[in-house]
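>>> Generate a structure from the sequence data that follows.
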Amino acid sequence: MANHPKSFTYKVNEESIAIITFDLPDEKINKFSQRVMDELKELIIELKGRSELKGSILVSGKDNIFIAGADLKELASIQSEEDARKVITEGHKVFTEWSKLPFPTLAAINGACLGGGLEFALAFDYRIATTNPKTMLGFPEVKLGIIPGWGGTQRFTRLVGPYLAIEAVCSGKNIYTMDAYDMGLVDHFTSLESLVDQAVSFLKDQLTHPDWKERRKELSGPLLLSDDQNLFTFGLARAYIQGETKGHYPAPIIALDTIEEGISLSLEEGLKIEIENFLPLKVNDVSRNLMNIFFMSEGLKRETGTKNKDIKAHEIKGMAVIGAGIMGGGIATANIYKDISVLLKDISQDRIEVGVGQALKLLGDRVKKNRMTQKEMDIKLTHLTGTLSDSSLQDVDLIIEAVVEDQGIKEKVFKGLAQHMSDKAILASNTSTISITKLSESVKSKENFVGLHFFNPVHKMPLVEVIRGKDTSDETVVTVVQYAKRIGKTPIVINDGAGFLVNRILLPYLNEATLLIEDGVDFKTLDKVMTRFGMPMGPLTLLDVIGIDTAYKAGSVILKAFPDRVVDSKVLNALDQAKRLGQKNGLGFYKYKKGKTKAIPDETAYEPLKNLIQSRKSYSKEELLDRMTLPMILEATRILEDGIASSVRDVDMGMIMGTGFPPFRGGLLRYADSLGIKNIVDKCSQYSDLGKRFEPTQMLLDMAKEGKTFYPA
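Next up, the predicted model:
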């Protein structure tokens, strides 16, 4: 091996216990690469040769990271089952050798212990974990289209039982320390400060009661379930997973099969099944797409908002939210959760109480789920102050306007803020469609004005669109990009234009669905086509969630900007006039029971539309899919042509994070690649009678002619 600093170092204490530190040189995280695996093999040989050793403890040299998992760049480079077999078999061999060390072993876990990191920890006899909120264990592999491949499906199931194993492995959800302790995944918990001392003390106790050999034997055998237990546990899980994934994501079902097939055998035989089931998943399109999304997401995390790396962000010590509705309350909560002081301002105490109530609910939910203590919640809430006064705004560094989506109202708010806010403060609008450049005419300082479009619900949606107006400064953009990351969001910087990125692509799709209604297509049919395609909900259900009135106003902005190709939605207008506003009042395309979100078919919804449906045309499912997806692809290329988005990556990540566009398809433009660009151009010609909205862009025509794709092959 080449000379380089070691990843694993150790010292032997006076009790003859080796304290091993894993600290991968020149990296922020610990991860398993081929080099690390080679070092681990050498370490195993060395430890076996130390006859005086009575035990070993592994700790991490990284802050808040135990082992993040496998090196994903190396994993992504695997393109064949043959290469995958070599890597997975090698990992199995190394971890199995570790599990057979001639003394008890303990993993002392602080921070993230995920994927291959957790699989390695399961090869230890014992595990203890810190109560650090950043300590989390889990198997995120299914989110990358694969399954745990280094023993996780087998060792974990034997340790915690099939029910808990299925839930964790097939969902990819993180497990926090107290839940891990309750399920038996970790044997003890402690504070970070006491981790090493507690680890040594715990292992010494095990040495006085040498049952670790019996434990190894027990965890190497089969799990014997009765036929009834097996049928109930796996049958129920299979039905649930198929309902959740709709068959689009094979990994969770394969993970379930692997657990079921392996646990009735010895651990050794179960591990062989895991290898065979892993291999085909690694090289399929779903895994490639999900892996690519991961790398695109990581790339976004490194973006600063400008190519000029010398520009530094200003610190946001305190901020204000103008408008205390559900959106404003969600934005305020995201800030106080990260310990940023927030002034929540509105025109009445009742409205402020709505926003504060939102914070109480969201933080309270975290307490209920053991993600936060009541004391921590109380401390977070001290950062939130409701106010009716403008005078207190002069000391904040950032003001986010989150009032109703009406240009006139927003401009009135901006003019009112001008005399109270600091000259250096950044003013951001949470507008979803209105031009930032136009809005800037009403602000105090154009260079300090920016669009900051959050998506609803704020606590669930990761995306924030950072919209650069004509006069927005680089310093402002860099500052809000860093701020968005600080509160846990993924910012995408785009240039100003009606609808920006996500809504400009989304609205033609929603509008096309309403035009198909005029052709007599049933609501449920349209929704079913798109949910089967992989969208989280159908277009008409989504319109009900957005609000019919809100969607119609947003569509009017797009219509005004692009009158040559946008068709006014008579359907939305009719429902708006009939006060069928969607979930907000229980009646839209569907009806909703009070406080519920389940869409219930309602024939009375057709009453306001009866004069609009002139005939009932017959469409195939393929035609319906074309009619709703092609407008999105076309608008995405127009956005790239217009320079609204700077890259294909930004378009696809914006649609995935902002609309739930199916990740297994890799993004809107990766989906376009899978269709074939020439095929898309040909499809557009089939709908030429529908006007300019289906006219292929010059970008698509050029790509089709030159045989190009949006992504490299």
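>>> count of residues packed around the closest residue to E315 other than its chain neighbours?
Sequence neighbours aside, D397 is the residue nearest to E315 in space, at 7.2 Å (criterion: Cβ to Cβ, 6 or more residues apart in numbering). Where you see a C-beta, it was placed from the backbone N, CA and C, and this is true even at glycine. Neighbours of D397 under the rule other Cβ atoms under 10 Å: 19.
>>> quick one: contacts for D397?
Contacts for D397 (Cβ atoms under 8 Å, 6 or more residues apart in numbering) come out as 314-319, 422, 424-426.
>>> Tell me which residues of the longest helix anywhere in the chain come out buried.
Secondary structure of the chain per DSSP state H: the longest helix is helix 621-642. The neighbour-count check on helix 621-642 (16 or more other Cβ atoms under 10 Å) flags 623-624, 626-640 as buried.
>>> what distance separates the start and the end of stretch 534-549?
Chord length of stretch 534-549, first to last residue, is 26 Å (Cα to Cα, to the nearest Å).
>>> can you check stretch 103-111 too?
Rule used - Cα to Cα; the end-to-end distance of stretch 103-111 is 26 Å.
>>> List the contacts of the longest helix of the chain.
With contact meaning Cβ under 8 Å, 6+ apart, helix 621-642 is reached by 497, 501, 504-506, 508-509, 511-513, 516, 521, 525-526, 529-530, 533, 539, 619, 645, 648, 651, 655, 668-669, 671-672, 680, 683-684, 686-687, 693-700.
>>> Moving C-terminal from that helix, which element do we reach first?
helix 648-659 (DSSP states H and E).
>>> sorry, back to before: check the contacts of D397 for burial and list the buried ones.
314, 316, 318-319, 425-426.
>>> Go through those and flag which are in helices.
Short answer: those have none in helices (DSSP H).
>>> Spell out which residues make up each domain of the chain.
8-283, 318-496, 503-706 (automatic domain parsing).
>>> Now render those as JSON lines, adding distance to K309.
Putting the domains of the chain into JSON lines (distance: least, Cβ to Cβ, whole Å) gives the following:
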{"stretch": "domain 8-283", "distance to K309": "19"}
{"stretch": "domain 318-496", "distance to K309": "10"}
{"stretch": "domain 503-706", "distance to K309": "16"}
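>>> what would the ones you listed look like in JSON lines with mean pLDDT?
Listed next are the domains of the chain as JSON lines, based on pLDDT from 0 to 100:
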{"stretch": "domain 8-283", "mean pLDDT": "94"}
{"stretch": "domain 318-496", "mean pLDDT": "94"}
{"stretch": "domain 503-706", "mean pLDDT": "95"}
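>>> Can you show me the strands along the stretch 101-250 of the chain?
105-109, 112-114, 126-130, 136-138, 175-176, 188-190 (DSSP state E, counting those that start in this stretch).
>>> Switch those over to JSON lines; also include distance to A578.
Formatted as JSON lines, the strands of the stretch 101-250 of the chain follow (distance: least, Cβ to Cβ, whole Å):
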{"stretch": "strand 105-109", "distance to A578": "58"}
{"stretch": "strand 112-114", "distance to A578": "50"}
{"stretch": "strand 126-130", "distance to A578": "56"}
{"stretch": "strand 136-138", "distance to A578": "48"}
{"stretch": "strand 175-176", "distance to A578": "48"}
{"stretch": "strand 188-190", "distance to A578": "57"}
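>>> Name the nearest of the buried ones among the contacts of D397 relative to I88.
I316 (45.2 Å; Cβ to Cβ).
>>> got the contact list for the closest one?
The neighbours of I316, taking Cβ under 8 Å, 6+ apart as the test, are 340, 397-398, 479, 483, 486.
>>> Over to P140?
Contacts of P140 (Cβ under 8 Å, 6+ apart): 69, 114-115, 172, 174.
>>> change it to 6 Å
Residues in contact with P140, defined by Cβ atoms under 6 Å, 6 or more residues apart in numbering, are 114-115, 172.
>>> what about stretch 673-680, start to end distance?
Taking Cα to Cα, stretch 673-680 runs 9 Å from one end to the other.
>>> in that stretch, what's buried?
673, 677, 680.
>>> which residues in the stretch 401-550 of the chain form strands?
426-429, 449-454, 463-468, 490-495.
>>> Return the closest of the contacts of D397 with respect to G660.
For those, the nearest to G660 is M319 (28.1 Å; Cβ to Cβ).
>>> nearest spatial neighbour of the closest one, skipping sequence neighbours?
In space, M319 is closest to L398, 4.0 Å off (Cβ to Cβ, 6+ apart).
>>> returning to that earlier point: looking at the buried residues of stretch 673-680, which are in helices?
Using DSSP H, the buried residues of stretch 673-680 in helices are 673, 677, 680.
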